[in-house]
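Enquirer: One predicted model, sequence on top.
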Amino acid sequence: MIVDSHVNLHDEKFADDLAETILRARAAGVGPMLNICCHLKDAKAVLDVAQMDADIWATVGTHPHDAKDNPDVTAEEISALTRHPKVVAIGETGLDYHYDWSPRDVQKANFQAHIEAVQETGLPLVVHTREADDDMLEMLQTAYAKKPFSAIMHCYTSGQRLADAATEMGFYFSVSGIMTFKSAHEVRERILTMPKDRIMLETDCPYLAPVPYRGRRNEPAYVVEVCKSLAALFDWTIEETAQKTTDAFFNLFNKAQRPNEMTSE
């Protein structure tokens with residue numbers, strides 16, 4: 001069994017074949033999936049997908065690109081959405097200075113509200129960070145010093161200093177199809193420094209399709225290629241890689257149930 005820790009199955013790109021997409025994932029050996037909310041207005045759509053299948057879970061949150069759409073959101077508003085039994089984390093949230101589609105001060109305020117929500121609820125935080133290492137490091141360390149929380153650095157491609165700090169705080173990391181790209185030498189070097197019991201696989205579908213599917217719409221079945229790439233990097237077997245990354249998923253997202261746990265109830 002392989003877990004895809006970051007999917008966007010409510011995206012319109014899956015509107016015509018969502019059920020078939022899930023079936024292809026199952027046929028490829030992909031089990032649990034975490035459907036990620038990138039805008040609070042999409043929370044219902046995210047949950048609707050999660051409720052299609054016992055092994056699909058959900059998050060609630062707002063991507064930094066969309067922080068401008070709810071600049072005054074509060075931790076209480078975010079926390080209220082986590083009461084649904086399928087919601088196992090808060091995010092995707094963070095800082096993205098590559099495009100600056102939301103003003104940086106708004107991104108920071110929005111991110112802070114999400115951090116406070118995880119501190120209130122005890123759920124893990126799904127962090128997006130791009131070209132914002134200094135501010136991300138300062139915000140995470142300041143908040144963690146006040147009240148520790150758990151988090152995953154999703155699709156990590158940022159610097160070593162931030163990675164080391166995240167490791168020190170006990171955070172997890174997820175790796176995507178980017179690591180299969182021929183030019184992604186630095187990404188693979190960074191992965192080699194991550195704690196091996198705190199790494200997960202993800203597709204971030206419909207984006208970032210791995211080799212040999214690069215250029216196509218990504219989907220959960222393709223996470224198998226990310227698994228193969230990580231196995232080769234660490235000299236693990238495919239089975240070891242699947243087990244280690246699955247264990248990491250359920251260790252962090254402990255509100256989610258393993259398939260065998262649901263079967264036994």
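Expert: Done, it's in. All figures in this text were calculated on a predicted structure; none of them were measured in a lab. Numbers count the residues shown, from 1 in each chain.
Enquirer: C-alpha only now, for contacts and for neighbours.
Expert: Will do.
Enquirer: All the strands of the stretch 1-150 of the chain, residue numbers only.
Expert: Secondary structure of the stretch 1-150 of the chain (DSSP state E, counting those that start in this stretch): strands located at 2-7, 30-35, 56-60, 87-96, 125-130.
Enquirer: So which of those is nearest A75?
Expert: strand 87-96 (10.5 Å; C-alpha to C-alpha).
Enquirer: Does the closest one pack against any helices or strands, and if so which?
Expert: Counting contacts by 3 or more C-alpha pairs under 8 Å, 6 or more residues apart in numbering; DSSP states H and E, strand 87-96 packs against strand 56-60, helix 104-121, strand 125-130.
Enquirer: Dump the longest one to CSV, restricted to CA.
Expert: These are the backbone C-alpha positions of helix 104-121, laid out as CSV (Å, rounded to 0.1, in the frame of the first residue of the first chain):
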residue,chain,number,x,y,z
ARG,A,104,3.2,39.5,1.8
ASP,A,105,1.7,41.1,5.0
VAL,A,106,-1.6,39.5,4.2
GLN,A,107,0.1,36.1,3.6
LYS,A,108,1.8,36.4,7.0
ALA,A,109,-1.4,37.3,8.8
ASN,A,110,-3.3,34.5,7.1
PHE,A,111,-0.5,32.0,7.9
GLN,A,112,-0.5,33.1,11.5
ALA,A,113,-4.2,32.4,11.9
HIS,A,114,-3.6,28.9,10.6
ILE,A,115,-0.7,28.3,13.0
GLU,A,116,-2.9,29.4,15.9
ALA,A,117,-5.6,27.1,14.7
VAL,A,118,-3.3,24.1,14.8
GLN,A,119,-2.2,25.2,18.2
GLU,A,120,-5.8,25.2,19.3
THR,A,121,-6.9,22.0,17.8
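Enquirer: about what we covered before: do you know which of the strands of the stretch 1-150 of the chain lies nearest N218?
Expert: Per C-alpha to C-alpha, nearest to N218 of the strands of the stretch 1-150 of the chain: strand 2-7, 9.5 Å.
Enquirer: in that closest one, what's buried?
Expert: Neighbour counts over strand 2-7 (16 or more other C-alpha atoms under 10 Å) mark I2, V3, D4, S5, H6, V7 as buried.
Enquirer: Pull the number of nearby residues for D16.
Expert: Counted with other C-alpha atoms under 10 Å, the neighbours of D16 add up to 9.
Enquirer: Single out the most deeply packed of the helices and strands packed on strand 87-96.
Expert: strand 56-60 (a mean of 28; mean count of other C-alpha atoms under 10 Å).
Enquirer: chain center to that strand, what's the gap?
Expert: Here the centre of strand 56-60 is set off from its chain's centre by 10 Å, with C-alpha atoms, centre = their mean, to the nearest Å.
Enquirer: who does that strand touch, helix- and strand-wise?
Expert: Packing partners of strand 56-60 (3+ C-alpha pairs under 8 Å, 6+ apart): strand 30-35, helix 43-50, strand 87-96.
Enquirer: Output these in CSV; the columns should cover mean pLDDT.
Expert: Below are the helices and strands packed on strand 56-60 laid out as CSV (pLDDT from 0 to 100):
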stretch, mean pLDDT
strand 30-35, 98
helix 43-50, 98
strand 87-96, 98
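Enquirer: Out of these, indicate the one that is most buried.
Expert: strand 87-96 (a mean of 27).
Enquirer: What strands flank that one, and is each parallel or antiparallel?
Expert: If you go by DSSP bridges, strand 87-96 pairs up with strand 56-60 (parallel), strand 125-130 (parallel).
Enquirer: T237 is nearest to which of these?
Expert: With C-alpha to C-alpha, the closest approach to T237 among the strands paired with strand 87-96 belongs to strand 56-60: 25.7 Å.
Enquirer: JSON lines for the strands paired with strand 87-96, including distance to D11?
Expert: Formatted as JSON lines, the strands paired with strand 87-96 follow (distance: least, C-alpha to C-alpha, whole Å):
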{"stretch": "strand 56-60", "distance to D11": "14"}
{"stretch": "strand 125-130", "distance to D11": "18"}
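Enquirer: Throw those strands into a markdown table and include distance to V87 and mean pLDDT, thanks.
Expert: Compiled in a markdown table, these are given as follows (distance: least, C-alpha to C-alpha, whole Å; pLDDT from 0 to 100):
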| stretch | distance to V87 | mean pLDDT |
| --- | --- | --- |
| strand 56-60 | 5 | 98 |
| strand 125-130 | 12 | 98 |
